[in-house]
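>>> Predicted coordinates and the sequence they were generated for:
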Amino acid sequence: MHKKLKTLLCTAFLGAGLVSLQCHADYEPMDKILAIVDNGVVTQSEFDQKITVIRKNFEMSGQPEPPEAQLHQQVLDRLILDELQLQMAQRAGVHISEDRLTQTMANIAERNGTTLQGMVTDLEARGESFSDMREQVRNELTIQQVQQGNLRSRIQVTEKEVREYLSSIEGKDRMTTRYKISHVMLSLPQPQPAEVDAKAEKTLANIAQSLRNGLSTFTDYTGGKTINGFQISNGDLGLRTEEDIPSMFRDMVMNGDKGDFSAPIRSGGGWHIVVIDEVTGKAQMVHQNHARHILIKLSEVRTDRQAKRAIDDIHNRLQQGGDFTLLAKEYSEDPGSAMQGGDLGWSMPGQFVPEFEETLARLKDNEISQPFKSEFGWHIMEKMGERVHNMTEESRQNQAYQTLYERKFAQELDNWLLKIRDEAFVEVK
C-alpha cells in the first residue's frame, strides 16, 4: 500500500481503536488529505511546503506572485501530476542511484557558486532542510526518467528537419562561434613614464599568475581594489562573435580556449588580463569511446536477485566463448541497442549514467566488464575502441537535433500529462 495513504488510514483507525501493531510502527501525526490520486494522496503538508518554496523563489527573483487562488490551483495540479508520475515510476521499478543523486546535488551547488557543504550551510541558515531538498531532487530525477521513458519513442526529428533548421536564420545565428570574455583592468591612461608603465604591467602580470595558480579569483576584483597604488577592477565583456571582439584582444581570444588567461595587454586606457569564460560553436575535438552492452531490467515481476542471477548467467556464457551480439539480441532489454547486438556506437564523456561512465573508463579495448548495476538495471559492457574525433559538424547537427527535440518534447509532454490525468482516478477534497 502507498506509504502516505497507509499512514493516514492508520491514523483514522487509531480513533476507532482498530489499529494493528504495524500501524503503531508507521504512525505519524494526522495530515489532511487534499486529493486522492489513484493509489496515493496529496497532503496538506506537501502543499504547504511547495507553496513556501515557490513564494521564496518569487521573492528572490523579484517577480510578482500570481493571484493566490491561481497559485494554489497550479500547485495542487502540479502535485497531483507528480504523484501520478511517481506511482508510475514505482510500478516500473525506476531507481535513482545514490551516486547519481549526489553528483546532481554537487552540480546544483556548483551552478550556484558553492559546494555541497556550503549548500547545507546556506539551507540551514534559511531554516530549510538539505535532506528534504535531496529527496525533492530525487523525485524530480525520477519524474524526468519516467517522462523520457514514455515520450522518447513518440518524438521523431528527421534529417530533413535538422538540415532546414541549420539553413534557417535562427540556426545560422545559433551555430556562429561566440566567445564569452571578461577582463581584469588596471586603469592607467596613456602616456605614462616608462617606469610607471612597467610597474603597472608587472602588477597585472602578478595578478594573472595568481589567477592561474588559483590563489585568487576573478570575483576578488569586483567593485575595485587598489594594488601598488593602481586601481584594479573587473568587467564582463559579454558574448561576442569574432567581429565584435576588441582588436587588441582578438588574437589571444581566437587562439585560446575556455579558461585561458592572457598576458597583460596594453590599451589606451590601461592594462588588461583577458579571461575566456566560454566558447560556443567552435571546432570540437572530442575523446570518444565505442561500447556495447547487455541490460537486464528490474520490474514488478523480477527482483534484484533474479536480475543479478540472469546477468551472471549471460556473463558466464560470454566467458565460455559466447557471441556478444547474439546474446544481446536474445536477452538485452535495452530497446535502443538490443537489435544492434547491444552496440551503443561512439559516445562522448558524460553521455551515460555515472556507473556506466566509470565502468567504461576502467576497461581496455575489447575487454568485457563484470556485471554492474545502474538505475536502469544490471549490465555487462564490452569496450570496443576509443578515438579522438572532430565533432564540429556532428556537434552542429546534434545541437540542431536537440533544439528541435526539446520543442517537440515540450509539446508532447503537455499532451501526455493531460492524458494521464484524464485516465487517473483523482478526487480533490
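Yep, that arrived. Residues are numbered from 1 along each chain as shown.
>>> Got phi/psi on the closest residue in space to Leu326 that isn't next to it in sequence?
Nearest non-adjacent residue to Leu326, counting by Cβ to Cβ, 6 or more residues apart in numbering: Gly341, 7.5 Å away. (C-beta placed from N, C-alpha, C; glycine too.) Note on Gly341: backbone dihedrals following degrees, to the nearest 10 are phi 70, psi 20.
>>> Give me the distance between Gly341 and Asp313.
Note on Gly341: its distance to Asp313, by Cβ to Cβ, to the nearest Å, is 18 Å.
>>> Counting neighbours around each, name which of the two comes out higher.
Gly341 (16 against 12; other Cβ atoms under 10 Å).
>>> on that earlier part again, does the residue nearest to Leu326 touch Glu330 like I think?
No: judged on Cβ atoms under 8 Å, Gly341 makes no contact with Glu330 at a distance of 10.1 Å.
>>> give me the low-pLDDT residue ranges for this structure?
1-30, 282-284, 390-392 (pLDDT under 70).
>>> biggest strand in it by residues?
strand 377-390 (DSSP state E).
>>> What residues sit buried inside that one?
377-384, 386 (16 or more other Cβ atoms under 10 Å).
>>> Helix, strand, or coil at His183?
Look at His183: counting by DSSP: H, G, I helix; E, B strand; the rest coil, its state is strand.
>>> What is the neighbour count of it?
22.
>>> picking that back up, can I get the longest strand of the chain in CSV? Just the C-alpha atoms.
Provided in CSV are the C-alpha atoms of strand 377-390 (Å, rounded to 0.1, in the frame of the first residue of the first chain):
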residue,chain,number,x,y,z
GLY,A,377,19.2,-2.5,-14.1
TRP,A,378,22.1,-4.9,-14.5
HIS,A,379,24.6,-4.5,-17.3
ILE,A,380,27.5,-6.2,-19.0
MET,A,381,29.7,-4.0,-21.2
GLU,A,382,32.4,-4.5,-23.7
LYS,A,383,34.7,-1.6,-24.8
MET,A,384,35.3,-1.9,-28.5
GLY,A,385,37.6,1.0,-29.0
GLU,A,386,38.4,4.7,-28.5
ARG,A,387,39.4,7.7,-30.6
VAL,A,388,39.8,11.5,-30.8
HIS,A,389,37.2,12.8,-33.2
ASN,A,390,36.5,16.1,-34.9
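>>> Check which helices and strands it sits against.
strand 285-296, helix 304-319, strand 343-347, helix 354-362, strand 372-374 (3 or more Cβ pairs under 8 Å, 6 or more residues apart in numbering; DSSP states H and E).
>>> Against Glu124, how distant is Ile51?
21 Å.
>>> Just the residues contacting the helix or strand hosting Asn57, thanks.
According to DSSP states H and E, Asn57 maps onto helix 44-61. Outside helix 44-61, the residues that touch it by Cβ atoms under 8 Å, 6 or more residues apart in numbering are 31-34, 64-65, 71-72, 75-76, 78-79, 126, 132.
>>> Which helix in the protein has the most residues?
helix 392-423 (DSSP state H).
>>> Could I get the buried residue list for that helix?
392, 395-397, 399-401, 403-405, 408-409, 412-413, 416-417, 420.
>>> Identify the residue spatially nearest to Leu363, adjacent ones excluded.
Per Cβ to Cβ, 6+ apart, closest to Leu363 is Lys383, 3.8 Å.
>>> Contact partners for the one you found?
289-291, 360, 363-367.
>>> For PyMOL, write a command that selects the buried ones of these.
Selection of buried members from the contacts of Lys383 for PyMOL, criterion 16+ other Cβ under 10 Å:
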select buried, resi 289+290+291+360+363
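>>> so where do the helices sit in the stretch 201-350 of the chain?
247-255, 304-319, 324-331 (DSSP state H, counting those that start in this stretch).
>>> How many neighbouring residues does the residue nearest to Ser262 when sequence neighbours are not counted have?
Leaving aside its chain neighbours, Ser262 sits nearest to Val274 (4.1 Å; criterion: Cβ to Cβ, 6+ apart). By the measure other Cβ under 10 Å, the count of residues near Val274 is 26.
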